[in-house]
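In: Got a predicted model here, sequence first, then my questions.
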Amino acid sequence: MTTNPTGTTPPPARAGRREWTALGVLMLPLLLVSMDVSVLYFAIPAISADLEPSGTQQLWIFDIYAFVLAGLLMTMGSLGDRIGHRRLLLIGAAAFGTASLAAAYANSAEMLIAARALLGIGGATLMPSTMAMTRTMFTDPAQRAKAIGLWSGVMTAGIALGSVMSGLLVEYFWWGSVFLVNLPAMALLLLLGPILLPEWRNPEPGRFDRLSVPLSMAAVLPMIYGLKEIPSEGWNVRYVVSITVGLLFAALFVHRQRTAASPMISPALFRGRGFAPSVALNLVSAFGIMGSAYFTTQYLQSVLGKSALEAALWALLPSVPIGAAAPVATQLVQKGVNRGSVVTGGFLIAASGFGVLSLAGTDSMVLVLVACAVLAVGGVVVMSQIMDLAMGTAPLERAGSASSLMETGGEFGGALGMAVLGSIGTAIYRHEIPDSAPEAARETLGGALAVADRTPGLATAAREAFTSGMQGAAIAGAVLLAGAAVLAAVTLRRVEVREQTCETPDEPSKLSPSGV
């Protein structure tokens, strides 16, 4: 960091029209990567009819993208710090576009699974790169906060938009069209990226720690797999073992990062005050958002009887206020409201959303949609502020690693939310369902509805039992988020962003631009 002749630090350069235009270009791949998480919701029936996958293959078609994405985020974030985030972004865009084309014209289940895995690899390069480049383009704290708020809103909205877009495209075109929509955006990124996006990388990153790559994947993938399967299959020994194996490899990964000469994730990141609390609070926020989604999507379809497309369209309504949540939170911080207070308020808003959800009955669509909107607003307030805090604390040369840690934490939080709240809801459902119900009905609401025509009154009893489970899980979620509000108030009370634009907390600047 340099000083002017008077001995004071010059203010960070403010971004202009070029940087804001570049941010718009960056939002395209981010939107599509987040949409691909849910884009197969309505395409799976058409894919099943065309490619005739087995039950196991169908699950892998749906899940392989998220598994690969989560497993490679830390690797790609660290790699971008070393080779340059613009370069990695453009490589990822080319890979994502190629994989989208292969997926659209896949003629077998195996080919589609492979293409979805390649999409996950491409997505893992794009997500941390977009955040890292946002950090490097916007060094002014106020502008950076606005840009990161937009980033958070786009990522959250993309997951909701993905299912609706897939429903509309499958309605009027063939299932491959849900992948072809990626191509124009990736082509635009490849065309404009070299012109608009600056390149930054650490000129002295040290050797790339190859051993950390398999260790990170061995830690992340088994845990994500186990957590994702528990809501539907229960606490099966196989999934508990999977999570345990992941935790063991996570311990080995942490040990490697603390002892390696050039670790993938530098422990120095956690010396920045506020970074570690940001990772933890981001995980809890994702826990609440995804945990609630596990119930609300089923509620709209199985309790209220909406079609899949109708449910997705109704589910878009809670996304409307998301656009205002992050900008309002940013304005509050910039006007002098303590960031910790804003994050605490966001958690309390989200907790109140769970409180509203706990009041829903079997015919309470408006109440459920209001609860979803309140939850989403609170979650985006939290995510936008703690992401800004984490990225403002992290040095530029480690922006990719910082971003990938936050995003990996979000993946874990979402899977954990579905596992824990889903298990609570399932336990209550099984307690409430009559003992005389068929075995399939005692397992899930879907199983009950499938055999409801054989048992009078079973459908009503199952819907009421599911709603009771949703209410119980909502109460648990409200308590957890209220606890997170207390944690945020304590850990962030006196934390301010100390800009690390050119140096780590412990060593002088070595960062230099490598191209414009």
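Out: Thanks, I have it. Residues are numbered from 1 along each chain as shown.
In: which residues of the stretch 201-350 of the chain score low on pLDDT?
Out: 201-206, 231-234, 272, 308 (pLDDT under 70).
In: buried set for whichever helix or strand Val170 is part of?
Out: Per DSSP states H and E, Val170 falls inside helix 141-172. Residues 141, 143-170 are the ones in helix 141-172 that count as buried (16 or more other Cβ atoms under 10 Å). Where you see a C-beta, it was placed from the backbone N, CA and C, and this is true even at glycine.
In: Pretty sure Trp174 sits in a helix.
Out: No. Applying DSSP: H, G, I helix; E, B strand; the rest coil, one finds Trp174 to be coil, outside a helix.
In: per-residue confidence at it?
Out: With respect to pLDDT, Trp174 scores 78.
In: correct me, but it touches Ala46?
Out: Yes. Here Trp174 reaches Ala46: they are 7.1 Å apart, a contact under Cβ atoms under 8 Å.
In: The two: who's more crowded?
Out: Neighbour count, other Cβ atoms under 10 Å: between Trp174 and Ala46, Ala46 has more, with 17 against 14.
In: Quick check: closest non-adjacent residue to that one.
Out: Residue nearest to Ala46 in three dimensions, not counting chain neighbours: Trp175, with 4.1 Å by Cβ to Cβ, 6 or more residues apart in numbering.
In: Now tell me what touches stretch 427-439 from outside.
Out: 441-445, 448, 451, 454-455, 458, 461-462, 464-466, 468-469, 471-473 (Cβ atoms under 8 Å, 6 or more residues apart in numbering).
In: quick one: contacts for Gln257?
Out: Contacts here follow Cβ under 8 Å, 6+ apart; on that basis Gln257 touches 212, 263-267.
In: which SSE is it in?
Out: Assessed by DSSP H and E, Gln257 sits inside helix 237-259.
In: quick one: buried residues of that helix?
Out: 239, 242-243, 245-246, 249-250, 252-253, 256-257.
In: counting contacts, what elements does the following helix or strand past that helix pack onto?
Out: For helix 237-259, the succeeding helix or strand toward the C-terminus, using DSSP H and E, is helix 275-298. If contacts are counted by 3 or more Cβ pairs under 8 Å, 6 or more residues apart in numbering; DSSP states H and E, helix 275-298 sits against helix 308-316, helix 339-357, helix 365-393, helix 399-432, helix 458-491.
In: burial count for the nearest residue to Phe295 once chain neighbours are set aside?
Out: Closest residue to Phe295 apart from its sequence neighbours, by Cβ to Cβ, 6+ apart: Met470 at 4.4 Å. When neighbours are defined as other Cβ under 10 Å, Met470 has 26 of them.
In: Same question for Leu79.
Out: 26.
In: does it really touch Arg210, like I thought?
Out: No. Between Leu79 and Arg210 there is no contact under Cβ under 8 Å: 11.0 Å.
In: Quick check: the residue nearest to Ser468 when sequence neighbours are not counted vs Ala465, distance?
Out: Nearest residue to Ser468 in three dimensions, chain neighbours excluded: Glu432, at 5.0 Å (Cβ to Cβ, 6+ apart). Distance of Glu432 to Ala465, computed by Cβ to Cβ, to the nearest Å: 4 Å.
In: more neighbours, these two?
Out: Neighbours per residue (other Cβ under 10 Å) separate Glu432 from Ala465, with Ala465 holding more: 24 against 16.
In: Got the confidence number for the more buried one?
Out: pLDDT, Ala465: 89.
In: State the distance from it to His431.
Out: As for Ala465, its distance to His431 is 8 Å (criterion: Cβ to Cβ).
In: what sits against the residue nearest to Leu300 when sequence neighbours are not counted?
Out: With sequence-adjacent residues excluded and distances taken as Cβ to Cβ, 6+ apart, Leu300 is closest to Ala311, at 3.8 Å. Counting by Cβ under 8 Å, 6+ apart, Ala311 touches 297, 300-301, 304.
In: which one of those residues has the most neighbours?
Out: Of the contacts of Ala311, with other Cβ under 10 Å as the count, Leu300 tops at 23 neighbours.
In: doesn't Val366 make contact with that residue?
Out: No. Counting by Cβ under 8 Å, Leu300 stays clear of Val366, with 11.8 Å between them.
In: Quick one: residues contacting the residue nearest to Met383 when sequence neighbours are not counted.
Out: Closest residue in space to Met383, ignoring its immediate chain neighbours: Ser152 at 4.7 Å, by Cβ to Cβ, 6+ apart. Each residue near Ser152 by Cβ under 8 Å, 6+ apart is listed here: 326, 380, 383-384, 387.
In: Looking at these, which is nearest Ala66?
Out: Met383 (18.2 Å; Cβ to Cβ).
In: Can you show me the CA trace of stretch 71-78 as PDB?
Out: What follows is stretch 71-78, C-alpha atoms only, in PDB (Å, rounded to 0.1, in the frame of the first residue of the first chain):
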ATOM      1  CA  GLY A  71     -16.100 -30.600  -4.500                       C
ATOM      2  CA  LEU A  72     -14.000 -28.400  -6.800                       C
ATOM      3  CA  LEU A  73     -14.800 -24.900  -5.500                       C
ATOM      4  CA  MET A  74     -11.800 -24.600  -3.200                       C
ATOM      5  CA  THR A  75      -9.500 -26.000  -5.900                       C
ATOM      6  CA  MET A  76     -10.600 -23.600  -8.500                       C
ATOM      7  CA  GLY A  77     -10.600 -20.600  -6.200                       C
ATOM      8  CA  SER A  78      -7.000 -21.300  -5.300                       C
END
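In: Can you list the buried residues in it?
Out: 71-78.
In: mean confidence for stretch 479-489?
Out: Mean predicted lDDT for stretch 479-489 stands at 90.
In: scratch that, stretch 135-153
Out: In this model, stretch 135-153 has an average pLDDT of 77.
In: would you put the C-alpha positions of it in CSV?
Out: Presented in CSV, the C-alpha positions along stretch 135-153 are these (Å, rounded to 0.1, in the frame of the first residue of the first chain):
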residue,chain,number,x,y,z
ARG,A,135,-13.5,-7.8,-5.5
THR,A,136,-10.6,-6.6,-7.8
MET,A,137,-12.7,-4.3,-9.9
PHE,A,138,-14.4,-2.5,-7.0
THR,A,139,-11.8,-1.4,-4.5
ASP,A,140,-13.9,1.5,-3.1
PRO,A,141,-15.8,0.0,-0.1
ALA,A,142,-19.1,1.6,-0.9
GLN,A,143,-19.1,0.5,-4.5
ARG,A,144,-17.8,-3.0,-3.6
ALA,A,145,-20.7,-3.4,-1.2
LYS,A,146,-23.2,-2.5,-3.9
ALA,A,147,-21.6,-4.9,-6.4
ILE,A,148,-21.4,-7.8,-3.9
GLY,A,149,-25.1,-7.1,-3.0
LEU,A,150,-26.0,-7.5,-6.7
TRP,A,151,-23.9,-10.7,-6.8
SER,A,152,-25.7,-12.2,-3.8
GLY,A,153,-29.1,-11.3,-5.2
